[in-house]
Every structure is written in C-alpha cells, then in structure tokens.
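In: Structural data only, the sequence is not supplied:
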C-alpha cells in the first residue's frame with residue numbers, strides 16, 4: 001500500500017482520502033454497455049509505474065539471497081563523510097566510502113544498486129530502511145524516466161545518474177522484492193553492521 005500512496009502523493013494537486021461514495025472504475029467506458037468490465041486498478045498501477053512489472057514489496061518465499069542495505073552521510077570535524085554497506089544477517093558482503101559531498105539519499109541509492117548487482121540472475125529479497133530509495137525503485141524512478149528526469153514541477157531531479165542506473169540494475173535479478181523496513185526492525189546483527197559502517201567512516205576522517 002505504501003508504494004501506491006507514493007504514486008498519488010507525488011502530485012501537489014492530489015490529496016489522499018478514504019471514501020466509499022464513488023468507485024473510479026465506474027467511469028471506465030466499454031464498447032458494449034452490457035458487458036461486464038474487467039479492470040484491476042492495482043495491476044494497472046503496477047504495469048505503469050513500477051520499474052519492472054514483477055517487482056514486489058512482499059518478500060519472496062525461499063529466496064536465493066536475503067540482503068539488507070544501508071547508506072550513511074554525516075558531518076564530523078567540519079567535514080562530510082559518506083558510505084554504504086550491503087549485508088546479510090550474519091556477514092558483510094560489501095561496503096565502501098563515497099565522495100565527501102554525497103548525501104544520505106544518494107548513499108542509500110548506491111547501496112540498493114550494489115545489492116541488485118550482487119543478485120544478478122538470482123531470486124532476492126532486499127530490505128532498505130530508506131523510504132526515499134524504496135519510493136524511487138517502486139514508483140518515482142519510472143515516473144521520472146517517463147518525464148525526462150524532471151519532477152512534477154518541471155525541474156531536474158536530484159541524483160538522476162543513480163536513478164537511471166538503479167532502473168537498469170533492478171532488471172538484473174531473476175526475481176526481486178524490495179521492502180521498506182525501519183532500521184530498528186532489521187535485527188541486532190544488521191544494526192551492528194550499520195554502526196560499524198559509521199565507525200569506519202569516522203576512523204577515515206581521523207586519519208586525514
């Protein structure tokens with residue numbers, strides 16, 4: 001449901017409310033008025049706005065990989081540092097530092113992109129604690145690409161290179177589910193990796 005809210009609320013002129021008065025499907029026309037109209041609103045949204053038709057936000061059963069991603073950006077001693085990590089519940093698969101001017105949102109996109117590349121040809125569940133990254137891969141990315149990488153206001157989107165790369169890399173897994181999960185719900189092992197990532201970046205600052 002979260003990704004459908006993102007689709008609707010991305011527009012400034014739309015307000016999301018619950019009502020039982022009108023069913024929008026009743027306004028759909030058909031050549032034969034007596035024929036029962038077959039229409040699935042959720043399926044239509046999936047096909048139009050998703051970055052790949054079978055992308056889901058529900059966990060796959062028995063996946064080949066279960067990955068967790070995290071991006072971090074913070075200021076220490078007057079300098080901004082950033083990095084990312086991709087982990088499982090028991091080990092770190094990849095982590096790295098990013099350019100000093102990297103925002104937290106961009107770092108989250110990089111982490112998700114790397115997880116998708118690791119899962120090429122496999123069935124994968126990916127958990128992210130970033131609503132931004134979740135929204136990009138499920139809704140905003142495809143919309144922005146259709147608009148020529150412009151926002152609803154007509155201005156260039158931020159992180160357009162990363163967004164385009166993400167839309168390409170999401171095609172790599174055989175099957176993929178990307179879920180949003182609050183950081184404290186990841187489990188202690190994954191939280192420990194998040195803390196370790198930030199400490200590693202802090203150590204890098206102190207060496208310079």
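Out: In hand now; what should we look at? Only a predicted model underlies this, so the values are computations on that prediction, with no experimental measurement involved.
In: Tell me which other helices or strands the lengthiest strand in the chain touches.
Out: Secondary structure of the chain per DSSP state E: the longest strand is strand 65-76. With contacts taken as 3 or more Cβ pairs under 8 Å, 6 or more residues apart in numbering; DSSP states H and E, strand 65-76 sits against strand 79-87, helix 104-118, strand 123-128, helix 188-207. Quick note: C-beta positions are derived from backbone N, CA and C, even for glycine.
In: partner strands of it, parallel or antiparallel?
Out: Applying DSSP bridges, strand 65-76 is found paired with strand 79-87 (antiparallel), strand 123-128 (parallel).
In: for that strand, which positions count as buried?
Out: 65, 67, 68, 69, 70, 71, 72, 73 (16 or more other Cβ atoms under 10 Å).
In: Next, the angle from it to helix 104-118.
Out: 150 degrees (axes from the mean of the first three to the mean of the last three Cα atoms, to 10 degrees).
In: where does residue 82 sit relative to residue 113, distance-wise?
Out: 14 Å (Cβ to Cβ, to the nearest Å).
In: Give me the more crowded residue out of the two.
Out: A side-by-side neighbour count of residue 82 and residue 113, using other Cβ atoms under 10 Å, places residue 113 first with 24 against 21.
In: follow-up on the earlier one: in terms of mean pLDDT, which of the helices and strands packed on strand 65-76 ranks lowest?
Out: Sorting the helices and strands packed on strand 65-76 by mean pLDDT places helix 188-207 lowest, at a mean of 61.
In: Any regions of this protein where pLDDT drops low?
Out: Scanning the chain for pLDDT under 70 picks out the ranges 1-16, 18-51, 140-157, 182-208.
In: can we see that at 50?
Out: 42-47, 205-206, 208 (pLDDT under 50).
In: Can you tell me how far residue 125 is from residue 76?
Out: Counting by Cβ to Cβ - residue 125 and residue 76 are separated by 33 Å.
In: same check, this time on residue 68
Out: Distance check for residue 68 against residue 76: by Cβ to Cβ, it reads 24 Å.
In: same thing with residue 136?
Out: Relative to residue 76, and taking Cβ to Cβ, residue 136 is found at 27 Å.
In: Okay then, goodbye and thanks.
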